[in-house]
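[1] Based on what follows, work out the 3D shape:
(2 chains)
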There are 2 protein chains.
Amino acid sequence: MIQRAAARALDRFGHRALQYGNVAGPGPLLEWLTARIGHQEGRAPEPDELLITGGISAGLDLLLTTHTQPGDTVLVESPTYHLAVRILQDHRLNLVAVPVDGQGLDVENLARVVSDLQRDGAPPRALYTVPTFNNPTGVCLISQRRRGLLELAAEQQILVIEDDVYRELGYDAPSPPPLWSEDRHGSVVRLGSFSKSLAPGLRLGWMTARAEVVGRLVQSGVLDSSGGVNHFTAVAVFQVCESGDYDAHVRRLRQAYRVRRDALLLGLRDRLPEGCEFEAPGGGYFVWLRLPSGLDGEALLSHAEASGTSYIPGARFHLGPFERERIRLAFSLHSPARLEEAAERLGEAIRSFQRGSSPQPPAGG
Amino acid sequence: MIQRAAARALDRFGHRALQYGNVAGPGPLLEWLTARIGHQEGRAPEPDELLITGGISAGLDLLLTTHTQPGDTVLVESPTYHLAVRILQDHRLNLVAVPVDGQGLDVENLARVVSDLQRDGAPPRALYTVPTFNNPTGVCLISQRRRGLLELAAEQQILVIEDDVYRELGYDAPSPPPLWSEDRHGSVVRLGSFSKSLAPGLRLGWMTARAEVVGRLVQSGVLDSSGGVNHFTAVAVFQVCESGDYDAHVRRLRQAYRVRRDALLLGLRDRLPEGCEFEAPGGGYFVWLRLPSGLDGEALLSHAEASGTSYIPGARFHLGPFERERIRLAFSLHSPARLEEAAERLGEAIRSFQRGSSPQPPAGG
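    Numbers count the residues shown, from 1 in each chain, chains lettered A, B, ... in the order given. Prediction:
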């Protein structure tokens, strides 16, 4: 699909596909995205509210360069996507963790944190959040809290950086609209991506935000001198989108990942010992598992790997206090059969760890 | 060529070409670059001294995020590449201009500037320089000054950011080795690029620097979470390089640009009025023209454009004091016939401007 799209884009746009492009991104891709966002989310960005990025990480990086100063206070959910935290830390920001629960970011608690920070002379400049199919928890922020968050952000002038990477990957129902589409105050910068819906190696995404924010990025030296972001890839991706291949691919992905999720959940329900707990995620890549009380996810890891399965211990996603029993399981890369097998091996690893005995290496390898 | 390379890269590497890649860049491209740099420059980078970037702008941006703080003093040549200045300004650096002359950066003057800055408590953290086929002057820094610059940088712990974008485009003789290859103290970060030698829309370049600098970038959140830079493009570019297409293309470019440069120079020699001065650039894209004394390049511009030619006034490349008679002419994009015609129109524009009469619109359009 990508091979065909790259070839056709070069046939169609010729040398223009390889030259410096429009700084905000190729016009045809911007138009296609505008129509699709309007159709899916009930709000289409204005032309000056949309920008092509080199994926969410690159978009976040450029946003931080242009909109923050070292030492600025930035709020992050805890747990949250651990590599986004690394990007925030590279910008030497003052990170403050805000707890989440089974309904996402705890907005009442957030309001208290904000008010404490203001009292201490460090009012938060921004919040980084993954409100839809969170990484690592899989949770979608409930709609009442979404409204509360938008009100708080507008009142306190907090820039809400919405990492919307899993939007296309809802398995049971349409994904909730992004915070951006319900924001009437220009507080939200929504970062979208083709990484999970097409391919991460393309390094292509987009941003919707108020014109002032997008304009600042369009006027940045790095985008101006680059002629936009990854222009060649962007015209190839436009070809994938315009041909209808993109929509067909996303439908196939959703179906395949739903089957994988269900296989893992079935395996976990059948094979894990008493005391393990998890919610079925409605989308995304992850199951956020609670191990039996007192069992440390970090300590279990080598045991699990010796049993032929793996995960990321929850501690790695936290800035603040954390439950050491949490671990993140990822299901997107493996076949249903392998995922059921993985659940079985994890169950065995937990039981042997609880017994204090050595892990059993898998029979099959 | 790019179409064939993209198709072959996908045939050869399959889904791995579209997945997250190695953070420093695809192994085969790193190996190819290592061998080529070693062959051409007499010094091959060690594996931990080489990194693939999203072009020079993106490499510079990431280097500044990880190695500077707002308020740090950074030295820039004046004149210099105006969009690099914008990137430096986006990082809120304290920019200090250092004059150049017909032999490039004036290193003795630079030493005085550095010593003054140290006395004032603002020792320079870095220097941004285009020592080979400078933009806008076309000048190559002479080798004696290169040695002096490296000594000064080592002594004063100044990070030398070497923008090496025009390296492949030497028309008369092999390009001088980069500062990086002669640097024994790890002062130099050399930024290379495929933008001028292949295509700017690919957004791909590389960096050679001491292992500590490269390592800091490899460990940055943005590269780690991206799985390296533009992985799909990078494997396609590897295919172009490995097949021999890259070398053949660069030879063709050099030949074509040499003819263009010579056509422009011939036109300028024949058609410009008394008092215009310029040196023939040995490579790169630009002729740095001095207009007759007292003639303002900004004021002449609308006159020249009405005559059907254009340029960038020299003032735009300067941070410090400047000669308003300087203008930058670019020859890479136009045919020899058009360039001769452009020189003729420029000559007419200057003459009519000097007479104080209205410009003559071109006959042919």
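[2] in the stretch 201-350 of chain A, what residue is nearest chain B?
    A:Gly221 (2.8 Å; C-beta to the nearest C-beta). Quick note: C-beta positions are derived from backbone N, CA and C, even for glycine.
[3] let me redo that: the stretch 1-150 of chain A
    Closest point on the stretch 1-150 of chain A to chain B, by C-beta to the nearest C-beta, is A:Arg86, at 2.9 Å.
[4] what pLDDT does A:Gly365 get?
    Note on A:Gly365: pLDDT of 43.
[5] Helix, strand, or coil at the residue most central in space within chain A?
    The C-alpha lying nearest the average C-alpha coordinate of chain A belongs to A:Val165 (C-alpha atoms, centre = their mean; 4.1 Å). Look at A:Val165: counting by DSSP: H, G, I helix; E, B strand; the rest coil, its state is coil.
[6] quick one, phi psi at the residue of the stretch 201-350 of chain A closest to chain B?
    phi -60, psi -40 (degrees, to the nearest 10).
[7] Now do the contacts for it.
    The neighbours of A:Gly221, taking C-beta atoms under 8 Å, 6 or more residues apart in numbering or on different chains as the test, are B:57, B:61, B:83-90.
[8] If we use 7 Å, what do you get?
    By C-beta atoms under 7 Å, 6 or more residues apart in numbering or on different chains, the contact set of A:Gly221 is B:83, B:86-87, B:89-90.
[9] now the angle from the helix or strand where A:Leu10 lies to helix B:2-13?
    Secondary structure assignment for A:Leu10, by DSSP states H and E: helix A:2-13. Angle, helix A:2-13 to helix B:2-13, by axes from the mean of the first three to the mean of the last three C-alpha atoms, to 10 degrees: 180 degrees.
[10] can you tell me if helix A:2-13 touches chain B.
    Yes. Under the criterion of C-beta under 7 Å from any C-beta of the partner chain, helix A:2-13 makes contact with chain B via A:2-3, A:6-7, A:10.
[11] which other helices and strands contact whatever helix or strand comes next after that helix?
    Counting by DSSP H and E, the next helix or strand C-terminal to helix A:2-13 is helix A:27-41. Applying 3 or more C-beta pairs under 7 Å, 6 or more residues apart in numbering or on different chains; DSSP states H and E, one finds that helix A:27-41 contacts strand A:50-53, helix A:231-242.
[12] Same question for helix A:27-41: list its buried residues.
    Buried positions in helix A:27-41, judged by neighbour count with 16 or more other C-beta atoms under 10 Å in any protein chain shown: A:28-30, A:32-34, A:37, A:40-41.
[13] Contact distance from chain B - what residues of the stretch 201-350 of chain A qualify?
    A:201-203, A:220-222, A:224-227, A:230-233.
[14] in the stretch 51-200 of chain A, which spans are helices?
    Taking DSSP state H, counting those that start in this stretch to define them, one finds helices in the stretch 51-200 of chain A at A:56-67, A:82-90, A:107-119, A:143-156, A:179-182.
[15] winner for burial among those?
    Most buried of these by mean neighbour count (mean count of other C-beta atoms under 10 Å in any protein chain shown) is helix A:56-67; its value is a mean of 25.
[16] So A:Ala315 versus A:Arg271, what's the distance?
    In this view, A:Ala315 and A:Arg271 are 24 Å apart by C-beta to C-beta, to the nearest Å.
[17] go on, A:Thr208?
    For A:Thr208, the distance to A:Arg271 - C-beta to C-beta - is 42 Å.
[18] of the two, who's got more company?
    A:Thr208 (28 against 19; other C-beta atoms under 10 Å in any protein chain shown).
[19] so that one touches A:Ile52, yeah?
    No. A:Thr208 is beyond contact range of A:Ile52, at 11.2 Å (criterion: C-beta atoms under 7 Å).
[20] Done for today, thanks.
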